[in-house]
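1. Show me how the following folds:
(one chain, ligands or ions: 2)
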Amino acid sequence: MTTEPAISTETSAEPQIVLRPQPGPQTDFFRTTADIAIYGGAAGGGKTWALEAEPLRYIQTVPGFGGVIFRRTSVMVLNKGGMWDESFTIYPHLGAESNLTRLEWTFPPHNNRIRFGHMEHEKTRFDWQGAQIPYIGWDELTHFTEEQFFYMLSRNRSTCGVKPYVRATTNPDADSWVANFIAWWIHPETGLPIAERASKMRYFVRLGDQLHWASDPKELAPLTDNKIVPKSVTFIPANVHDNTILLDKDPGYLANLHALSNVERERLLGGNWKIRPASGLVFIAPGSSTSMRSPTTLSRVSATGTRRAPKTAANTHVAS
Ligand SMILES: Nc1ncnc2c1ncn2[C@@H]1O[C@H](COP(=O)(O)OP(=O)(O)OP(=O)(O)O)[C@@H](O)[C@H]1O
Ligand SMILES: [Mg+2]
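-> Ligands and ions are numbered 1, 2, ... in the order given. Next comes the predicted model:
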């Protein structure tokens, strides 16, 4: 995979359109060479756009390249302004043709395809048995089960010369398996991304049911007698402030996020992975997007995902 961010794809159509990631985390998402990259963790950070634009770097030039981008349900794929709609703002510029029945785009000159898939039911994953998919994208990863995600790794392979890779976007969900998967990148107390760890690469191998992680793949080699190449993973946090295109076009959207309930605002605007509604507990992360105490109660989830003990002076943290 190239390390260049550019899917700056110029078309011959008039007027000329250039597609490129925005500076900041969206560019980092296009630059990463990780096998698995997870992007976002807040609303409006340009997640869906990034997921759809990412495979364009190979789609016209590498015969046999292609991808599938999943949302949990077909309704979600087809929602107004959702994945299918968004693809019409990108793919026609490359001369691609859509097929609504198959939820698929075919790109010249090699007839490479990008498909929009869904996995409504747990077992739907087996519909993909035998498939070979160089690029797998997951929009809103927390909506999928861990089994679905890891099963599809077995379908992530390629003979076209492009190293197979997985890209995913997500909003925070304290109860999701994704919260555990990216725990290293998230501050255990505040629930916010750790700035110095953004875009940093980690490696894992699975032994039995357990994932073993390290910062250097060499550390994992003895665990598998050098037989398994560890998978590289990164998390690249982004929020609405990283999407100036959206904020320029729709300045009112920020006010919409500020108008959310406290829990939702902490999650979707602040990118907080440790917050969920509960009664009788108050937690407002220091430096988070919530600047005032509020009557709505927020709770923090411990690093293991279990709910904390009832509120006491010792375990309640409120930003001043
Ligand atoms: N690099 C880009 N070039 C052009 N438009 C962009 C780019 N990145 C994002 N946008 C636009 O910003 C808007 C919001 O982006 P997008 O829908 O990808 O955000 P999101 O993070 O998926 O939002 P949500 O949290 O609601 O799912 C869209 O209209 C999209 O087309
Ligand atoms: Mg989206």
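
2. For the stretch 101-250 of the chain, what lies in contact range of ligand 1?
-> By the rule CB under 6 Å from any ligand atom, the part of the stretch 101-250 of the chain lying against ligand 1 is 243, 245-246. C-beta here means a position set from N, CA and C on the backbone, and glycine is covered the same way.

3. hmm, 5 Å instead?
-> Those residues of the stretch 101-250 of the chain that sit near ligand 1, judged by CB under 5 Å from any ligand atom, are 245-246.

4. where's residue 202, which helix or strand?
-> According to DSSP states H and E, residue 202 maps onto strand 201-207.

5. Neighbouring strands of that strand in the sheet, and parallel or not?
-> Each strand that pairs with strand 201-207, with its direction, by DSSP bridges: strand 210-214 (antiparallel), strand 231-237 (antiparallel).

6. Next, the buried residues of it.
-> Buried residues in strand 201-207, defined by neighbour count with 16 or more other CB atoms under 10 Å: 201-205.

7. Mind putting these into a markdown table with pLDDT and distance to residue 123?
-> Formatted as a markdown table, the entries for those read as follows, by pLDDT from 0 to 100; distance: CB to CB, whole Å:
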| residue | pLDDT | distance to residue 123 |
| --- | --- | --- |
| 201 | 98 | 33 |
| 202 | 98 | 30 |
| 203 | 98 | 30 |
| 204 | 97 | 26 |
| 205 | 97 | 27 |
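
8. what's the nearest residue to the residue sitting nearest the centre point of the chain if we skip its chain neighbours?
-> Ranked by distance to the mean C-alpha position of the chain (CA atoms, centre = their mean), the top residue is residue 169 at 1.5 Å. For residue 169, the nearest residue in space outside its immediate sequence neighbours is residue 47; the separation is 3.5 Å by CB to CB, 6 or more residues apart in numbering.

9. per-residue pLDDT, the one you found?
-> At residue 47, the model reports a pLDDT of 97.

10. and if you look at residue 74?
-> If you check residue 74, the pLDDT there is 93.

11. count of neighbours near it?
-> Neighbour count of residue 74, defined by other CB atoms under 10 Å: 15.

12. now residue 141
-> For residue 141, the tally of surrounding residues (other CB under 10 Å) stands at 28.

13. Can you tell me the element whichever residue of the chain sits closest to ligand 2 falls in?
-> Proximity of the chain to ligand 2 (CB to the ion) peaks at residue 48, 3.4 Å away. Using DSSP H and E, residue 48 maps to helix 47-53.

14. ok, the helix or strand following that helix near ligand 1 or not?
-> Proceeding C-terminally, helix 47-53 gives way to helix 56-59 as the next helix or strand, assigned by DSSP H and E. No - contact between helix 56-59 and ligand 1, assessed by CB under 5 Å from any ligand atom, is absent, since the two come no nearer than 11.5 Å.

15. what's the spacing between helix 56-59 and its chain's center?
-> Per CA atoms, centre = their mean, to the nearest Å, the displacement of helix 56-59 from the mean C-alpha position of its chain is 19 Å.

16. counting contacts, what elements does it pack onto?
-> Contact partners of helix 56-59 among helices and strands, from 3 or more CB pairs under 8 Å, 6 or more residues apart in numbering; DSSP states H and E: strand 112-118.

17. repeat that for 10 Å
-> The elements that helix 56-59 packs onto, with contact taken as 3 or more CB pairs under 10 Å, 6 or more residues apart in numbering; DSSP states H and E, are strand 9-10, strand 67-71, strand 104-107, strand 112-118, strand 135-138.

18. In TSV: those strands, plus distance to residue 251, mean pLDDT and mean neighbour count.
-> TSV is the format used below for these (distance: least, CB to CB, whole Å; pLDDT from 0 to 100; neighbours: other CB atoms under 10 Å):
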stretch	distance to residue 251	mean pLDDT	mean neighbour count
strand 9-10	28	49	14
strand 67-71	28	97	26
strand 104-107	31	98	20
strand 112-118	30	96	21
strand 135-138	29	98	25
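
19. can you give me the end-to-end distance of stretch 99-107?
-> Between the opening and closing residues of stretch 99-107 we find a distance of 12 Å, counting by CA to CA, to the nearest Å.
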